[in-house]
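**Student:** here is my input; please provide its structure:
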Amino acid sequence: MHYPELLTVVGPTACGKTALGVALAEELHGAILSGDSRQVFVGMDIGTGKDLDSYTTERGTIPHYLIDIVPAGTPFNLFEYVRLFDEAYKEVVSRQLRPIFVGGSGLYVEQILQTRPMHHVPPNATLRQELELLSLEDLRSILSRYPRIDRVDTSSARKCIRAIEIAQHYAHYPEEYHRYQQALREAKRQQPPLIVGLRLARQEVIRRIDQRLKSRLDEGMVAEVEHLLDEGVPADTLLAYGLEYRFITLYLQGKLSYREMEEQLATAIHQFAKRQMTWFRGMTRRGLPIHWIDGHQPVTYQLDRVLRLVKDWQE
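**Tutor:** The predicted structure is shown next:
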């Protein structure tokens, strides 16, 4: 899909993306579309940093989308997110608002921004059960029998199984593959979207992460996770959500002391921020250039820089 009006703000956790996004929405008469894979869940507020109060300004509340849309514990995937994003984008544009995409979940952000279409191929449970018994080498051998499919990953058994699933589906339904190829040709003619990124020195990122973590623990993040468990969200699901929900769940299970939880969680978030920047650099190599802005500067400076970029991009 192609979103020509979209203005995107990316960057590592704790870099100030939301503040810049809100400032842009005020200036451009816009709405925020969240690009955070965990903010979609109701009840996961402190740990995901929703900071909903930040959307309220002197001029009123900035419209925001893709936050609190499914109950915590509900199965949710990238395909579902893309569908809901498309609906939200269309609603924002219909309200004559400028859509401003703000997020740090690299996979979700890139899926929206990349102009190449998705493979709309449903899961095949029977096929998956058969293939799960095979080695990665055998899976790659099976995949090689099919015509090469664009945008498939064979770096792991799970991804290779998905690639075979896609290839087999297109073999059975060639008209769908032809539609995908047509969409791919059209996508290659589209102008790349405007993406701005906030960049900070590594030590400043770490300082902000540690400061924010302490604040969130003081605000009741442990109680938030405890409440989710009491509401019936399985511990395994919270562990899978990672970072705050993983380490606090381990603490509540008695597997970590409070100090161990806090120290290990801080380290994990530091590593996560580093992986985010690695992903964003990769986006540039994959055809999605990012215009980096100094995140140490005040929001007024950042806003001015982005508005200049918007003006140049529109011309």
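**Student:** what's the longest helix in this structure?
**Tutor:** The helix that spans the most residues within the chain, counting by DSSP state H, is helix 258-285.
**Student:** in that helix, what counts as buried?
**Tutor:** Using 16 or more other Cβ atoms under 10 Å as the test for burial, helix 258-285 gives 261-262, 265-266, 269-270, 273, 276-277, 279-280, 283. In short, each C-beta sits where N, CA and C put it, glycine included.
**Student:** following element in sequence after it, please.
**Tutor:** Sequence-wise, the next helix or strand downstream of helix 258-285 (DSSP states H and E) is strand 291-294.
**Student:** kindly export that next one (C-alpha atoms) in CSV.
**Tutor:** C-alpha atoms of strand 291-294 as CSV (Å, rounded to 0.1, in the frame of the first residue of the first chain):
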residue,chain,number,x,y,z
HIS,A,291,16.6,12.3,7.6
TRP,A,292,18.3,12.4,10.9
ILE,A,293,17.9,15.3,13.4
ASP,A,294,19.8,16.0,16.5
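**Student:** looks to me like Leu139 is in a strand.
**Tutor:** No: Leu139: not assigned to a strand; according to DSSP: H, G, I helix; E, B strand; the rest coil it is helix.
**Student:** the residue nearest to it when sequence neighbours are not counted: which element?
**Tutor:** Of all residues not flanking Leu139 in the chain, Cys160 sits nearest, at 4.1 Å (Cβ to Cβ, 6 or more residues apart in numbering). Element membership of Cys160 [criterion: DSSP H and E] is helix 157-172.
**Student:** also Ile32?
**Tutor:** strand 30-34.
**Student:** quick check: neighbours of that strand in the sheet, parallel or antiparallel?
**Tutor:** Sheet pairing for strand 30-34, assigned by DSSP bridges, gives strand 64-65 (parallel), strand 98-102 (parallel).
**Student:** quick one: average pLDDT of the first one?
**Tutor:** In this case it means strand 64-65. Computed over strand 64-65, the mean pLDDT rounds to 98.
**Student:** just the strands in the stretch 51-200 of the chain please.
**Tutor:** For the stretch 51-200 of the chain, the strands defined by DSSP state E, counting those that start in this stretch occupy 56-57, 60-61, 64-65, 70-71, 98-102, 194-199.
**Student:** just how off-centre is the last one within its chain?
**Tutor:** The chain centroid and the centroid of strand 194-199 are separated by 15 Å under Cα atoms, centre = their mean, to the nearest Å.
**Student:** and what of stretch 222-234?
**Tutor:** For stretch 222-234 - counting by Cα atoms, centre = their mean - the centre lies 23 Å from the chain centre.
**Student:** now do stretch 257-270
**Tutor:** Distance, centroid of stretch 257-270 to centroid of chain: 23 Å (Cα atoms, centre = their mean).
**Student:** and for stretch 292-309?
**Tutor:** Using Cα atoms, centre = their mean, the offset of stretch 292-309 from its chain centre is 22 Å.
**Student:** tell me which residues are up against it.
**Tutor:** 7, 9, 11, 15-16, 19-20, 23-24, 27, 194, 196-201, 204, 291 (Cβ atoms under 8 Å, 6 or more residues apart in numbering).
**Student:** one more pass at 7 Å, please.
**Tutor:** Residues outside stretch 292-309 that contact it (Cβ atoms under 7 Å, 6 or more residues apart in numbering): 11, 15-16, 19-20, 23-24, 27, 194, 196-200, 204, 291.
**Student:** about what we covered before: the longest helix of the chain versus strand 194-199: what angle between them?
**Tutor:** Here the directions of helix 258-285 and strand 194-199 differ by 140 degrees (axes from the mean of the first three to the mean of the last three Cα atoms, to 10 degrees).
**Student:** how about low-confidence regions in the stretch 1-150 of the chain?
**Tutor:** Applying pLDDT under 70 to the stretch 1-150 of the chain picks out no residues at all.
**Student:** would you mind finding the most buried of the strands of the stretch 51-200 of the chain?
**Tutor:** Among the strands of the stretch 51-200 of the chain, the stretch with the highest mean neighbour count (mean count of other Cβ atoms under 10 Å) is strand 98-102, at a mean of 24.
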